[in-house]
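K.L.:
Just the structure for this:
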Amino acid sequence: MTHYQKYTWVCTGDCDALIEYTIKDGYGWPAGEMNLTCRCNSNCTLVSVEDATIPYTDTPLQTKEEPMEESTVTTTPIPESYNSNLLVTYKVIRGYSDAEYATDKVTSIEWDLHNGRQAQKHNNVLNGKIDAAKEIICEAYADSQDQDTLREIAEALGIELIKEVLFTATLEVSGTYTYNILDSDYELDLDSEVTDALYADSNNGNITIDDTEVCHVREA
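P.N.:
Presented below is the predicted three-dimensional model:
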């Protein structure tokens, strides 16, 4: 434990301040020198000097040699050309309709842009919730005892009750490959020829072919 001394003064001026200093032993006022001046420039009267004990903590006290950390706040400077009250004429975009021009203050346009960004964020959140509702409805629809209610909820949210099913299929293909046997520079590689030439497509608009792989090419 480290021992300290606590000095207590009372200001004799109009502020009536009570001032206390707690100082480590050996660093206090020299004997007979107890003068102190208040912030109001009045002399103070020493009231008491008593021992004080401050418990040890794991946090080291800052010394004079240790510089204090400086926190910096970065602010964006305002350009000299900026004028929030400046009138600006701009084109209002309304899809494919005729162009429309409006005149407004910069500050009003700023708020319109801000509100538009906030609305876009809100729409993204709502669309995410609608997508989640779509998954829930599609999963529960087949086994639900109240399909009419699920259908009404889907219609209210503009959800199409469409479910995607991944599939794999095997297609056996037979055909004929023709080449000139008198071409001495040509070496038959039936696997490469067939793999490069074949691909799969769908005549059904509800089926999308994502990938095609040709396997087990052989002569019949």
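
K.L.:
Which pLDDT value goes with residue 169?
P.N.:
Note on residue 169: pLDDT of 90.

K.L.:
And residue 14, by the same measure?
P.N.:
For residue 14, the pLDDT comes out at 76.

K.L.:
Equivalent analysis for residue 33, please.
P.N.:
Residue 33 is given a pLDDT of 66.

K.L.:
all helices for this structure, in order.
P.N.:
Here the chain has its helices, by DSSP state H, at 106-141, 147-156, 190-197.

K.L.:
Distance from the longest one to the middle of the chain?
P.N.:
Okay, so that is helix 106-141. Averaged C-alpha coordinates place helix 106-141 at 16 Å from its chain's average position (Cα atoms, centre = their mean, to the nearest Å).

K.L.:
So which bits of it are buried?
P.N.:
134, 137-138 (16 or more other Cβ atoms under 10 Å). Placement of C-beta: from N, CA and C, glycine included.

K.L.:
mean confidence score for it?
P.N.:
Rounded mean pLDDT across helix 106-141 is 90.

K.L.:
Report the inter-axis angle for it versus helix 147-156.
P.N.:
Per axes from the mean of the first three to the mean of the last three Cα atoms, to 10 degrees, the angle that helix 106-141 makes with helix 147-156 is 160 degrees.

K.L.:
Against which helices or strands is helix 106-141 packed?
P.N.:
strand 87-92, helix 147-156 (3 or more Cβ pairs under 8 Å, 6 or more residues apart in numbering; DSSP states H and E).

K.L.:
List the buried residues of the last one.
P.N.:
Neighbour-count burial for helix 147-156 flags 150, 154 (criterion: 16+ other Cβ under 10 Å).

K.L.:
go on, stretch 7-20?
P.N.:
Buried residues in stretch 7-20 (16+ other Cβ under 10 Å): 7-9, 11.

K.L.:
tell me which of the buried residues of helix 106-141 is nearest to residue 108?
P.N.:
Residue 108 lies nearest to residue 134 out of the buried residues of helix 106-141, by Cβ to Cβ, at 38.2 Å.

K.L.:
any idea how far residue 179 is from the closest one?
P.N.:
53 Å (Cβ to Cβ, to the nearest Å).

K.L.:
How about residue 144?
P.N.:
On the measure of Cβ to Cβ, residue 144 and residue 179 end up 60 Å apart.

K.L.:
do residue 92 as well
P.N.:
66 Å.

K.L.:
show me the contacts for residue 110.
P.N.:
By Cβ atoms under 8 Å, 6 or more residues apart in numbering, the contact list for residue 110 reads residue 84.
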